[in-house]
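Q: Please work out how this folds:
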Amino acid sequence: MTTESVFTGLKVLDASSFIAGPAAATVLSDFGADVIKIEPPGKGDPQRRLSSVPPSPRAEANYSWHLANRNKRGMVLDLKSPAATEVLKRLVQWADVVITNFPHGTREKLHLGYEEVSGWNPRVVYADITGFGDAGPDAGLPGFDLTAAWSRSGLLASTRDAGAPPTVPVWGSGDYMSAIAIYAAIVTALYRRERTGQGASVGTSLLAAGVWATGTLVAGALAGGTPFELHDRKAPANPLINPYRTADDEWFMLVASPPHWPGLTRAIGHPELLEDPRFTSIEGFVKNSAALTELLDAEFRSRPFAHWKDALTRERVTYSLIQTPEEAAQDPQLRANDIVVPLAGVSGLEYTINSPVTVRGVEKVPAKRAPDLGEHNDGILAELGFGPADIAELRAQGAIPGPTQAQEPR
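A: Predicted coordinates:
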């Protein structure tokens, strides 16, 4: 049974790889779009191997591949082969949306530049992502989320404590953040096409998404603001926004504001602090940060997290347990809100992560496994009008692989 959803009937050509472009196509597929993913011959999209590259968690299942490529049809097409151009042309003419992340210059050589693609299909929404944007001295540089979204944007330099060197953040996080930006650009262009009938070229960069995520700090710099020093947990700029440790060695993040201060004093059993002249203003909190942090440290270390969960919740003080990814995976809140959903067809992988876009009252397509390498080649080619003799000729010319070529494991 086919699930009808927002984008049922929308046709998407995913000519991108590793990770933001494919993930954007996955969000479209979650809402019913028919996505065809093309990969190069040999080993295909490098994301097929991401789950096995340290520090990715070791597991039997190829979880990262299915996360960013579920619900798609897959084909192998060697875009470097002259014989592949006609196949690509028909795919573009079939599609409503084309997504690519090939660098400028390379995409034109592979017949994936916007001018050629829009010439084949004027109504197409052409979406691309680059590392550093389309212009400027570094437009041609290759970019990964760790370099463009994290390092260049100011985000990584700000995500550490005073005295600590930069660290390696959660890799792929910049890509998945950027994927939502690409998705938004595509949906915006589709809405425009509904109104005007015109196709469009849309896109973003990892750098743009990273700067957007660092927006408060970069905007402050644009305003000529004076930055605070890097976070010092023992003397933070604001002791009401700080991680604290409990008696049972749990860490939680306290995120309070001056209106929460009376409730916080009651929660820790020190209501007399309301009369302490050191803590009657924001300026006082900043000036006496080390003293208040020492006091809060001592109190929070005196009792287990369960106690503080009850006390802070009762006083409506905002906090959260700092969970590991393993703890987050088992958090019942994720299943209650369909943040984690069942995945069909993968041995050793019962669940995957849902895309973070919800249209209430509209069902998403149930998640099913990502395609094996070249799994749907013959069916897609037949759908595009290639007969058996044509397909054999494409194989002979090296545009597509042979029928017995080994496939990547699921």
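
Q: does Gly385 sit in a helix, a strand or a coil?
A: Judged by DSSP: H, G, I helix; E, B strand; the rest coil, the three-state class of Gly385 is coil.

Q: Give the rounded mean pLDDT of stretch 336-352.
A: Averaged across stretch 336-352, the pLDDT comes to 97.

Q: what does stretch 230-245 give?
A: Per-residue scores along stretch 230-245 average to 95.

Q: contacting residues for Leu88?
A: Going by C-beta atoms under 8 Å, 6 or more residues apart in numbering, Leu88 touches 38, 77, 79, 111-112. For the C-beta atoms, the positions are set from N, CA and C on the backbone; glycine is no exception.

Q: before we move on, which element is it in?
A: Assigned by DSSP states H and E, Leu88 falls within helix 84-94.

Q: buried ones in that helix?
A: Neighbour counts over helix 84-94 (16 or more other C-beta atoms under 10 Å) mark 84, 87-92, 94 as buried.

Q: what's the answer for stretch 62-80, then?
A: Neighbour-count burial for stretch 62-80 [16+ other C-beta under 10 Å]: 62-79.

Q: Could you do stretch 144-161 as well?
A: 144-156.

Q: What are the contacting residues of it?
A: By C-beta under 8 Å, 6+ apart, the surrounding residues in contact with stretch 144-161 are 19-20, 131-132, 143, 166-169, 171-175, 177-178, 205-207, 209-211, 213-214, 217-218, 221, 230-233.

Q: Look up how far Leu312 lies from Phe252.
A: Between Phe252 and Leu312 the computed distance is 8 Å (C-beta to C-beta, to the nearest Å).

Q: now swap in Pro103 and tell me
A: To Leu312, Pro103 is 49 Å away according to C-beta to C-beta.

Q: more neighbours, the two?
A: Leu312 (22 against 16; other C-beta atoms under 10 Å).

Q: What strand or helix carries that one?
A: Using DSSP H and E, Leu312 sits within helix 305-314.

Q: who's in contact with the helix or strand that that helix is followed by?
A: Of the helices and strands lying after helix 305-314 in sequence (DSSP H and E), the nearest is strand 319-321. Here strand 319-321 makes contact (C-beta under 8 Å, 6+ apart) with 250-256, 305, 308-309, 312, 327.

Q: Could you list the buried residues of strand 319-321?
A: Tyr319.

Q: and if you look at stretch 212-221?
A: 212-214, 217-218.

Q: Now do whichever strand or helix holds Ile180: which elements does it pack against?
A: Taking DSSP H and E as the criterion, Ile180 maps to helix 173-196. Applying 3 or more C-beta pairs under 8 Å, 6 or more residues apart in numbering; DSSP states H and E, one finds that helix 173-196 contacts helix 20-30, strand 97-100, strand 125-130, strand 200-205, helix 206-213.

Q: Determine which two of the buried residues of stretch 144-161 are furthest apart.
A: Greatest spatial distance in the buried residues of stretch 144-161: Phe144 and Gly154, 16.7 Å, computed using C-beta to C-beta.

Q: Show the pLDDT at the residue most central in space within the chain.
A: The centre of the chain sits closest to Tyr176, judged by C-alpha atoms, centre = their mean, with a distance of 1.1 Å. pLDDT recorded at Tyr176 is 97.

Q: How about Arg410?
A: pLDDT, Arg410: 50.

Q: can you list contacts of the lowest-mean-pLDDT helix or strand in the chain?
A: Across the helices and strands of the chain, mean confidence by mean pLDDT, DSSP states H and E is lowest for helix 282-287: a mean of 91. Helix 282-287 has contacts (C-beta under 8 Å, 6+ apart) with 237-240, 258, 277-279, 292.

Q: hmm, 10 Å instead?
A: 228, 235-241, 257-258, 261, 276-279, 281, 292 (C-beta atoms under 10 Å, 6 or more residues apart in numbering).

Q: Go through those and flag which are in helices.
A: Residues of the contacts of helix 282-287 located in helices (DSSP state H): 261, 292.
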